[in-house]
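>>> Any chance you could fold what I've pasted below:
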Amino acid sequence: MTAGTGDIGASGAISTAASNLIANAANGQININDSNTGTTTISGASASEGAFTLTTAGSIAQGGSSDTISSNNLLTLQAGTNGSIAISANLSGGSVTLNANGSGTITQAASTNISTSGTLTLSSGSGDIGTSGANILTSAQHLTANTAGNVYVTDSNHVVLNASSAGNGDTFNLTSTGSITIGGNVAATSGTIGSINLNSTTINEANGNYVLSANNVGLTSTLGDIGASGSGLGTAILTNAANLTVASAGNAYVHDAANVNLNTSSVGSTDTFNLTSTWNNYCCW
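Numbering: from 1, shown residues only. As a prediction, this is how the structure comes out:
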């Protein structure tokens with residue numbers, strides 16, 4: 001589908017039942033509803049000036065590394081019943097939303113990137129978002145990830161982690177080559193996340209009472225501080241963990257709301273390690 005000057009679908013989506021799709025609107029938006037219950041494959045470079053929205057009754061995939069999808073506005077891919085989203089080429093948008101459905105997963109091939117100057121939103125009912133061996137790769141400035149499964153994301157930008165979740169006993173892992181700012185609570189919607197691991201140059205608490213809740217919390221900074229000194233909003237990293245591990249290249253300031261076990265941890269030479277607990281009861285292993 002190609003629109004030279006207008007939209008492909010506007011307030012009402014274009015309906016189709018295609019297994020392969022290419023859509024381009026150089027000066028407009030794209031809004032497509034595909035009733036295919038199998039996999040809808042983007043089989044050629046597709047782009048829009050306005051919003052790009054693809055909703056399917058099944059899964060969504062890209063055919064190969066040249067089958068990019070881009071939008072100068074919001075890019076949304078919405079899978080159908082238990083549908084997955086498989087990224088095998090670059091995606092870009094003003095903001096990007098990828099919604100798998102039910103047990104559907106979100107996966108991504110190596111050497112691809114999801115780029116946005118806004119928010120990357122990733123969601124699934126219970127499927128994994130990325131894997132331990134093949135993380136979701138992005139350069140987003142804001143990240144939201146929600147599932148009752150595992151979450152594995154690597155960000156090449158300074159990123160604000162918005163309110164997010166993983167499953168009971170599962171893993172939430174965010175690695176950034178820049179800084180991570182905690183801008184929302186991270187907790188399971190039901191039960192308790194098994195492990196939350198944040199790894200970046202520095203880890204900061206935004207101006208709010210945002211808590212990392214899991215059985216195990218690991219915080220790693222490779223260049224600077226974890227948290228900040230002082231009291232009030234935007235200082236110490238707030239956790240609710242049974243077990244805590246900290247490895248900081250600088251200082252570390254953490255406040256835990258539980259009866260916490262402090263595992264082997266470290267800070268920079270001559271720097272400060274400050275751990276406070278609502279329970280005032282630590283155990284070091």
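>>> From now on I want contacts and neighbour counts done on CA atoms only, so please keep to that.
OK.
>>> how close does the nearest residue to residue 237 once chain neighbours are set aside sit to residue 241?
Among residues not flanking residue 237 along the chain, residue 254 sits closest, at 4.7 Å (C-alpha to C-alpha, 6 or more residues apart in numbering). According to C-alpha to C-alpha, to the nearest Å, residue 254 stands 11 Å off from residue 241.
>>> which of the two has more neighbours?
residue 241 (27 against 22; other C-alpha atoms under 10 Å).
>>> Please, which helix or strand holds that one?
For residue 241, the host element (DSSP states H and E) is strand 237-248.
>>> Do me a favour and average the pLDDT over that strand.
Averaged across strand 237-248, the pLDDT comes to 97.
>>> Run through who's touching that strand.
Residues outside strand 237-248 that contact it (C-alpha atoms under 8 Å, 6 or more residues apart in numbering) are 204-205, 209-228, 252-268.
>>> Next up, the contacts around the residue nearest the centre of the chain.
Residue closest to the average C-alpha location in the chain (C-alpha atoms, centre = their mean): residue 145, at 4.1 Å. Each residue near residue 145 by C-alpha under 8 Å, 6+ apart is listed here: 121-123, 129, 151, 163-165.
>>> need the next SSE after the helix or strand encompassing it, C-terminal direction.
Under the criterion of DSSP H and E, residue 145 resides in strand 142-146. Next helix or strand after strand 142-146 toward the C-terminus (DSSP H and E): strand 151-155.
>>> Which strands or helices does that next one pack on?
strand 136-138, strand 171-176 (3 or more C-alpha pairs under 8 Å, 6 or more residues apart in numbering; DSSP states H and E).
>>> bridging residues for residue 3?
Counting by DSSP bridges, residue 3 is bridged to residue 25.
>>> pretty sure it is touching residue 25, no?
Yes - at 4.8 Å, residue 3 counts as touching residue 25 under the criterion of C-alpha atoms under 8 Å.
>>> between the two, who's got more neighbours?
Counting neighbours by other C-alpha under 10 Å for residue 3 and for residue 25 shows that residue 25 has the greater number, 23 against 17.
>>> And that one, how close does it get to residue 47?
Distance, residue 25 to residue 47, by C-alpha to C-alpha: 6 Å.
>>> Give me the common contacts of those two.
Counting by C-alpha under 8 Å, 6+ apart, residue 25 and residue 47 have no shared contacts at all.
>>> Need the nearest residue in space to residue 65, chain neighbours excluded.
residue 89 (4.3 Å).
>>> Point out where the stretch 1-150 of the chain drops to low pLDDT.
The stretch 1-150 of the chain contains no residues with pLDDT under 70.
>>> My read is that the residue nearest to residue 237 contacts residue 230, right?
No - checked against C-alpha under 8 Å, the pair residue 254 and residue 230 is beyond contact range at 11.1 Å.
>>> Quick check: neighbours shared by the two?
What both residue 254 and residue 230 touch, as defined by C-alpha under 8 Å, 6+ apart, is the set residue 236.
>>> Test my guess that residue 14 contacts residue 29.
No - Residue 14 lies out of contact with residue 29 (C-alpha under 8 Å); the separation is 11.4 Å.
>>> what's the spacing between residue 41 and residue 79?
12 Å.
>>> Settle it for me: which of those two has more neighbours?
Legend: neighbour count by other C-alpha under 10 Å for residue 41 and residue 79, higher for residue 79 (29 against 20).
>>> In contact with that one: list those residues for me.
With contacts defined as C-alpha under 8 Å, 6+ apart, residue 79 is in contact with 55-60, 85, 99-101.
>>> Drop anything exposed from those.
55-60, 85, 99-101 (16 or more other C-alpha atoms under 10 Å).
>>> Now render those residues as a markdown table, adding distance to residue 137 and secondary structure.
What follows is those, written out as a markdown table (distance: C-alpha to C-alpha, whole Å; DSSP: H, G, I helix; E, B strand; the rest coil):
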| residue | distance to residue 137 | secondary structure |
| --- | --- | --- |
| 55 | 22 | strand |
| 56 | 23 | strand |
| 57 | 26 | coil |
| 58 | 23 | coil |
| 59 | 20 | strand |
| 60 | 18 | strand |
| 85 | 14 | strand |
| 99 | 16 | strand |
| 100 | 17 | coil |
| 101 | 20 | coil |
